[in-house]
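In: just to be clear, the model below is a prediction. Sequence and coordinates:
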Amino acid sequence: MPTILVTFALRQEGASFERRLIQRIPKYGSIFGRFDSQEVAVAWLGIGARNEERFKSTLTGFRPELVINSGFAGAVRTLLEPGDFVLAENYSSAELVKRLDKRCAFAARGRFACVDTVADSAAKIRLNAEGSILAVEMESAPVAEICHELSVPLLSAKMISDRQDEEIPKVFLGKGIRQKKDILEAVAFAGRMIVLRRKLADRVVELIRALSTAAESSA
């Protein structure tokens, strides 16, 4: 069965998913293994997926059937909560979205905004005012461009890490700790992310199974 390549910005985002794979080995600067009978590779893009040549090399090495670009995103829509799994229809291949149909339940489907820097609450509120934006993140646009260039189908599906009115704690953005509340916010957010990484692994597993089932049904 052809390989599915799952990408995350950072290795820690996909660590829980990576542990689900059996017979794991390093390959093409990534991790290759199996889940059920499906061959799966896991690669890390870096924040913003700026090393395009490395990603192209990974794609040409594995020659995957499809790419799942996952990880975390910030909510732009007000009703989205941390832990919601959302699909970026504007960065996903139409044929894969159609293949999924209702086999995999997303909290929402819609447009992602891909930005160059981490969006604070003010930026997310501005995006919401523009209308029709679901979530904001930093990798989907360059990943989609490269996948299109190399004719590799793509699904971009991410988990919400922060609400529209929340911001990523300053310590995680390299801004240091200035007051006690910075420590408290960082500890609370770190605890949240431990839980969400496990939940993300569950949802990516569900997504792979849904894609595999859909492929078998259409064979």
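Out: Now that the structure is in, tell me what you want to look at. Predicted, not measured: the structure shown is a model, and the values here were computed from it.
In: got the contact list for the residue nearest to Arg63 when sequence neighbours are not counted?
Out: Nearest residue to Arg63, sequence neighbours excluded (Cβ to Cβ, 6 or more residues apart in numbering): Thr3, at 7.3 Å. Every C-beta, even on glycine, is put in place using the N, C-alpha and C of the backbone. By Cβ atoms under 8 Å, 6 or more residues apart in numbering, the residues touching Thr3 are Phe32, Glu39, Val40, Ala41, Phe62, Arg63, Pro64, Glu65.
In: okay, and which of these map to helices?
Out: Phe62 (DSSP state H).
In: tell me which of the contacts of Thr3 fall in strands.
Out: Members of the contacts of Thr3 lying in strands (criterion: DSSP state E): Phe32, Glu39, Val40, Ala41.
In: ranking those by neighbours, who comes first?
Out: When neighbours are counted as other Cβ atoms under 10 Å, the busiest of these turns out to be Val40, with 27 neighbours.
In: any idea of the mean pLDDT in stretch 23-30?
Out: When pLDDT is averaged over stretch 23-30, the result is 93.
In: give me the buried positions along it.
Out: By 16 or more other Cβ atoms under 10 Å, the buried positions in stretch 23-30 come out as Tyr28, Ser30.
In: start the count at 16 instead of 1 going forward.
Out: That works, and once the first residue is 16, the last one we named lands at stretch 38-45.
In: contacting residues around that stretch?
Out: Under Cβ under 8 Å, 6+ apart, the answer for stretch 38-45 is 20, 33, 46-49, 56-59, 69, 72-73, 76-77.
In: using PyMOL, define a selection of the buried residues within those.
Out: For the buried members of these, the matching PyMOL selection, counting by 16+ other Cβ under 10 Å, is:
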select buried, resi 20+33+46+47+48+56+57+58+59+69+73+76+77
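In: among the contacts of stretch 38-45, list the two that are farthest apart in space.
Out: Arg49 and Arg69 (23.7 Å; Cβ to Cβ).
In: scan this structure for its longest helix.
Out: helix 195-233.
In: other SSEs contacting that helix?
Out: Using 3 or more Cβ pairs under 8 Å, 6 or more residues apart in numbering; DSSP states H and E, the elements in contact with helix 195-233 are strand 19-23, helix 30-33, strand 53-59, strand 81-84, strand 87-90, helix 109-115, strand 169-177.
In: centre of the chain to the helix or strand bottoming out on mean pLDDT in the chain, how far?
Out: Using mean pLDDT, DSSP states H and E, helix 195-233 stands out as the lowest-scoring helix or strand of the chain, at a mean of 87. Here the centre of helix 195-233 is set off from its chain's centre by 9 Å, with Cα atoms, centre = their mean, to the nearest Å.
In: could you pull out the buried residues of it?
Out: 200-201, 204, 208, 211-212, 215-216, 218-220, 222-223, 225-227, 229.
In: returning to that earlier point: nearest to Ala109, of the contacts of stretch 38-45?
Out: Nearest to Ala109 among the contacts of stretch 38-45 is Leu20, at 19.1 Å by Cβ to Cβ.
In: may I see the helices and strands packed on helix 195-233 arranged in JSON lines, with mean pLDDT and distance to Pro157 as well?
Out: Listed next are these as JSON lines, based on pLDDT from 0 to 100; distance: least, Cβ to Cβ, whole Å:
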{"stretch": "strand 19-23", "mean pLDDT": "97", "distance to Pro157": "11"}
{"stretch": "helix 30-33", "mean pLDDT": "96", "distance to Pro157": "21"}
{"stretch": "strand 53-59", "mean pLDDT": "95", "distance to Pro157": "13"}
{"stretch": "strand 81-84", "mean pLDDT": "98", "distance to Pro157": "10"}
{"stretch": "strand 87-90", "mean pLDDT": "96", "distance to Pro157": "15"}
{"stretch": "helix 109-115", "mean pLDDT": "90", "distance to Pro157": "18"}
{"stretch": "strand 169-177", "mean pLDDT": "97", "distance to Pro157": "11"}
